[in-house]
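**Q** Sequence and predicted model, in that order:
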Amino acid sequence: MSQNGARRYRVEHNTAYRYSEPVLLSHQQLHLTPRALARQRSETHEIVIMPTPTLRHEITDPFGNPLIEIAIESAHNALEIVARTNVETTAATLIEPLETPAWETVRDALRYRAGWRPDPSILEATQFLFESPHARVKRDLRSYASDCFKPNRPILEAAMTLMAKIHGEFKFDPAATTVTTPVMKFFAQKRGVCQDFAHFMISCLRSNGLAARYVSGYLLTRPAPGKPRRVGADVSHAWVSLFVPGSGWIDLDPTNNLIPSLEHITIGWGRDFSDITPLRGVINGGGVQTLEVKVTVEPIETTEMASFS
């Protein structure tokens, strides 16, 4: 732990593809660089790619997230990407839920109307109102959340009630879904992983006319009492961010029923998982491929940030 209540972490994200036949050409996009935020800063960061890319460009995607684009133009039977970051987080600003505006007021402020000249922050938020590849706007989802969004209820209080409802009625089950499982299937079976929890809550919020975005990152996990921390045993995490005029974007984690703070590390955000996938691309060749992902998030207990060797 560092001064002023901040936390420091060492994050390592390993991705390894193995191919049964040579890949002749590979183009990939990498979302593996944490965003610079008021409550988060990277002290050191590196991404090692093997084989070495022929081309490598560091850009910013349409949502402001750091993005690396690579091309590998030599034949290869494996692709390994290791992202290492030493990051410091500070506590999120506390917002009193009862002091936020009524949810209908926010909904109406986001609606297009004749002569509408919205504040830039509201205009930016409107892109997170609609359906996207993994999030739906449905009457059934609005009905599910209706007991949380009672008339004139403060928006953050309503959203936190919805978060608690989802956490209580759905079960975390890594074997129940895949990255392509539709949100309505998750709604029906009520089992899945953090990605499903986030997509479902986003869908419920958008179905009520509110702006919600998908946040991708990491979460510190704690080993069982008396057990050592297992290297590579952590995973990427996902949560939700809700737009509240006057307060900005407020994060909510329905998988754990909490407001993200010191132990959540943000990579970036988008409309849903498809906008902020850690690694995506196309290859020529390869045959049968296997994928192994290992993530380690561990606290740095010393006052000095460890340097990379």
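**A** Received it, and whenever you're ready, just let me know what you need. Only a predicted model underlies this, so the values are computations on that prediction, with no experimental measurement involved. Numbering: from 1, shown residues only.
**Q** Next up, the contacts around the spatially most central residue of the chain.
**A** Note on the chain: the residue nearest the mean C-alpha position is residue 216, at 1.5 Å, using Cα atoms, centre = their mean. For residue 216, the contacting residues are 31, 236, 237, 238, 266, 267, 268, 269, 270, 273, 276, 278, taking Cβ atoms under 8 Å, 6 or more residues apart in numbering as the criterion. Backbone N, C-alpha and C define where each C-beta goes, glycine included.
**Q** how far away is the nearest residue in space to residue 54 that is not next to it in sequence from residue 32?
**A** Residue nearest to residue 54 in three dimensions, not counting chain neighbours: residue 73, with 4.2 Å by Cβ to Cβ, 6 or more residues apart in numbering. Residue 73 sits 21 Å away from residue 32, going by Cβ to Cβ, to the nearest Å.
**Q** of the two, who's got more company?
**A** More neighbours sit around residue 32 than around the other of residue 73 and residue 32, counting by other Cβ atoms under 10 Å; the figures are 22 against 14.
**Q** Can you tell me the element the closest residue to the more buried one other than its chain neighbours falls in?
**A** Of all residues not flanking residue 32 in the chain, residue 83 sits nearest, at 3.9 Å (Cβ to Cβ, 6+ apart). Residue 83 is part of strand 76-89 when elements are defined by DSSP states H and E.
**Q** list the buried ones in that strand?
**A** Under the neighbour-count criterion of 16 or more other Cβ atoms under 10 Å, strand 76-89 has 76, 79, 81, 82, 83, 84, 85, 86, 87, 88, 89 buried.
**Q** Return the set of residues that bridge with the residue nearest to the centre of the chain.
**A** When bridges are assigned using DSSP bridges, the partners listed for residue 216 are residue 238, residue 268.
**Q** how about residue 101, what does it touch?
**A** Residues touching residue 101, when contacts are defined by Cβ under 8 Å, 6+ apart, comprise 154, 155, 244, 245, 246.
**Q** TSV for the contacts of residue 216, including neighbour count?
**A** What follows is these, written out as TSV (neighbours: other Cβ atoms under 10 Å):
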residue	neighbour count
31	23
236	19
237	27
238	26
266	23
267	24
268	24
269	24
270	22
273	21
276	24
278	19
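**Q** for these, which one is nearest residue 106?
**A** residue 269 (18.7 Å; Cβ to Cβ).
**Q** longest strand in the chain, by residue count?
**A** Longest among the strand segments of the chain by residue count, using DSSP state E, is strand 7-30.
**Q** And for residue 129, nearest residue in space, chain neighbours not counted?
**A** Residue nearest to residue 129 in three dimensions, not counting chain neighbours: residue 211, with 5.3 Å by Cβ to Cβ, 6+ apart.
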